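*Asks:* I'd like to go over a predicted model; first the sequence, then the structure.
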Amino acid sequence: MTPHITQIWRHPVKSHGREELVHVRLSEGKCLPWDRRWAVAHEAAEIDPDAPQWAPCANFSRGSKAPLLQAITARCNLPAQQVTFSHPALKDMTIDPDNTGDIGAFIQWVMPISPANRALPARLVRVPGRGMTDTDYASVSLINLASHAEVAARIGRPVSHLRWRGNLILDGLPAWQEMQWVGRRLRVGLAELEIVEPIRRCMATAASTRTGERDADTLGALQGGWSHKDMGVYARVTRTGDVSQGDTAELL
């Protein structure tokens, strides 16, 4: 099977929902459009609300501390600048994440699935021009389904690859081959990427994307099977181009 992109995902609010795309235009030096465009700063965040800058993930509400967040899905309406959020335990919520009143409503919406013994969600933040990725550079993440399948086999039952919250899902590759791509360039569709580094994983991946309950020792499976806690790779977009489901992925 020729290596190819089988799925494309974006996560408009960091750790708060995912949305599948059929097609996307990647731009040089940018994140996937509307991916991690916003993040939920918690009450202890060290971020200037008047001039937010990129900040490490410890400043934000996220699945490693609030596993129920993993079950959120999202639908973006770009012309209306709105996002609709769904969760199995909550009623759907549609907001303009840049609208002050909507932000308050969203914070109240997410409060019931936020642990009371952790720093609570306080506000949405956005940095113009880039997404709030876990990397201090604008990144796109790639997941190899064959690597995921090996982890699921070690866990002993099927688990969703969506736990890894990747952008571009690859099929048709040998397991773990993506780890050999660091420092190489990859053409996907009409875009080109530079593979930068493996993605070190956290406890967010232990939670089901269906229920938000922690139900799989993903980190233990990685450590026990391969002596690391990495799944997928981060990349920079080095050439602007369109990418669609089914497009081939070719090392350059």
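*Replies:* That came through fine.
*Asks:* going forward, measure contacts between C-alpha atoms and count neighbours the same way
*Replies:* Noted.
*Asks:* All the helices of the protein, in order from the start?
*Replies:* Secondary structure of the chain by DSSP state H: the helices cover 100-110, 145-155, 218-226.
*Asks:* Tell me which of those helices sits nearest to Pro49.
*Replies:* helix 100-110 (12.5 Å; Cα to Cα).
*Asks:* And the contacts of that closest one?
*Replies:* Residues outside helix 100-110 that contact it (Cα atoms under 8 Å, 6 or more residues apart in numbering) are 90, 93, 95-97, 121-124.
*Asks:* buried stuff in it?
*Replies:* 103, 106-107, 109-110 (16 or more other Cα atoms under 10 Å).
*Asks:* export the helices of the chain to TSV and tack on distance to Leu68 and mean pLDDT?
*Replies:* Below are those laid out as TSV (distance: least, Cα to Cα, whole Å; pLDDT from 0 to 100):
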stretch	distance to Leu68	mean pLDDT
helix 100-110	10	97
helix 145-155	21	98
helix 218-226	16	98
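*Asks:* Kindly reformat those as a markdown table containing distance to Val182.
*Replies:* What follows is the helices of the chain, written out as a markdown table (distance: least, Cα to Cα, whole Å):
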| stretch | distance to Val182 |
| --- | --- |
| helix 100-110 | 37 |
| helix 145-155 | 16 |
| helix 218-226 | 18 |
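*Asks:* Contact partners for the most centrally placed residue in the chain?
*Replies:* Central residue of the chain (Cα atoms, centre = their mean): Arg165, 3.6 Å from the mean position. For Arg165, the contact set (Cα under 8 Å, 6+ apart) comprises 9, 11, 18.
*Asks:* Please apply the same query to Leu124.
*Replies:* 38-41, 97, 103.
*Asks:* give me that answer again for 6 Å
*Replies:* 39-41 (Cα atoms under 6 Å, 6 or more residues apart in numbering).
*Asks:* from these, which single one is nearest Cys76?
*Replies:* When the contacts of Leu124 are ranked by distance to Cys76 (Cα to Cα), Ala39 comes first, at 15.2 Å.
*Asks:* Test my guess that the closest one contacts Ser15.
*Replies:* No. In this structure, Ala39 is not within contact of Ser15 by Cα atoms under 6 Å, at 7.7 Å.
*Asks:* re the thing from before, list just the nearest of the contacts of helix 100-110 to Ser227.
*Replies:* Nearest to Ser227 among the contacts of helix 100-110: Pro121, at 34.2 Å, using Cα to Cα.
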